[in-house]
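J.: Turn this into a structure:
(one chain, ligands or ions: 2)
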Amino acid sequence: MGSIGADAQIPTIDFSAEAASSLLSGSDSDINIRRQVRAALEGGGIFFLRCSESSTQSLLEEMVIGMKSLFDLPEDVKRRYKSIRPYSSYKGREPIAPLHESFAIDDAYLLESAQAFARVFWPEGNQQVSSALNNINKMMLDLIYAILKVIFESYGAENRYELFVEKTVTSFRLLKYNLPPAGEAVGLVPHTDKNLLTMLCQNDVQGLEILSKDGIWSPLVIPQGCFVVMIGDSLKAWSNGRMRAARHKVMISGDRDRYSCGLFILPKKDVIIEVPDELVDDDHPLLYKPYNYTDYINYFVGNLKDDALETFAGV
Ligand SMILES: O=C(O)CCC(=O)C(=O)O
Ligand SMILES: [Fe+2]
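T.: Numbers count the residues shown, from 1 in each chain. Ligands and ions are numbered 1, 2, ... in the order given. Below is the predicted model of the structure:
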């Protein structure tokens, strides 16, 4: 599926500027940022987000130390973590992705959620791990919802934003990629995210690759201190197919383990994803029927098809 290309040319959008800090405090977005975000998400479906480098870097370092203590725990202790949500319980080196381990935590921006997560492994609590998780999560949460707001504003749908956000939750995924015995190996299989919007960060070991519209896989070189922002199937559907959900995978090589974490905005259980009227016109006929997000996830888990969104919700 596709050949290998040079490093993907991904736009970097700067959120450390003043216009973006006013955005984080709730003001409408700067027209320039709106244009850049929409162009990136309608083009490749992905961009790098640069924020204040020093604060991002220290939160990230703290996070990676916390993740190491977590993933270094014995396998039977990690397996204590179970969640009813698909893709959230501890997953350890399964046949489909033998190098990859993950956990996902709901609402980790709440200190109590991060502490409850840590107590699963350390019954007396682990302040270092819970605050590392909670601190980076709070920063990422403000940023990812600011981006979602910019997206709504860029389509003239700003008056729908507050109501939409009330129907969302966040899931914070922690991932470790162990080194293959030799050479290069797939760490995470090719997929599009099924949720609305995703924001990723990582230690300094690269490995994320993206499939271009021309079917070429290109490795991403994520600049230090930057996050990756990507559209998931459900925001692609909401945008009536204007934004692109980029297919991506993780390849592992080299001599150091890769640690990454992702904040995912997803619809609450049984929320209906529906294209707003303002995104349908003669030039943009309706492409997706309204669908129940939970049904979509169950459909995908049942068939794991690449074109799940089209077959499930396509008109
Ligand atoms: O580890 C990464 O950089 C990517 C993770 C990812 O694609 C996912 O969890 O859906
Ligand atoms: Fe993904």
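
J.: Please count neighbours and contacts with C-alpha atoms only from this point.
T.: Will do.

J.: Could you list the contact residues of the protein toward ligand 1?
T.: Residues of the chain found near ligand 1 (C-alpha under 6 Å from any ligand atom) are 193, 208, 260.

J.: Any chance of TSV for those, columns secondary structure, pLDDT and neighbour count?
T.: Listed next are the residues of the chain next to ligand 1 as TSV, based on DSSP: H, G, I helix; E, B strand; the rest coil; pLDDT from 0 to 100; neighbours: other C-alpha atoms under 10 Å:
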residue	secondary structure	pLDDT	neighbour count
193	coil	97	18
208	strand	97	19
260	strand	97	21
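
J.: helix or strand for the one residue sitting closest to the centre of the chain, which one?
T.: Residue closest to the average C-alpha location in the chain (C-alpha atoms, centre = their mean): residue 198, at 2.4 Å. Secondary structure from DSSP states H and E places residue 198 in strand 197-202.

J.: who's in contact with that strand?
T.: Here strand 197-202 makes contact (C-alpha atoms under 8 Å, 6 or more residues apart in numbering) with 60, 140, 144, 148, 226-232, 235, 258-266.

J.: Please, where are all the strands along the stretch 1-150 of the chain?
T.: Using DSSP state E, counting those that start in this stretch, the strands assigned to the stretch 1-150 of the chain run over residues 3-4, 12-14, 46-50, 91-94, 97-106.

J.: Which strand residues bridge the residue in the stretch 1-150 of the chain that ligand 1 sits nearest to?
T.: Across the stretch 1-150 of the chain, the shortest distance to ligand 1 (C-alpha to the nearest ligand atom) belongs to residue 102, at 8.4 Å. Beta bridges link residue 102 to residue 91, residue 175, judged by DSSP bridges.

J.: Likewise for residue 272?
T.: On the basis of DSSP bridges, residue 272 is bridged to residue 292.

J.: from memory it sits against residue 290, does it?
T.: Yes: Residue 272 lies in contact with residue 290 (C-alpha atoms under 8 Å); the separation is 6.3 Å.

J.: So what does the residue lying farthest from the centre of the chain look like in phi/psi?
T.: Relative to the mean C-alpha coordinate of the chain, counting by C-alpha atoms, centre = their mean, the farthest residue is residue 282 (32.3 Å). Dihedral pair for residue 282: phi -60, psi -40, per degrees, to the nearest 10.

J.: okay, now residue 92: neighbour count?
T.: Neighbours of residue 92 under the rule other C-alpha atoms under 10 Å: 18.

J.: Kindly report the same for residue 184.
T.: Residue 184, neighbours per other C-alpha under 10 Å, totals 12.

J.: residue contacts, it?
T.: 251-254.

J.: Having no further points to raise, I will conclude here.
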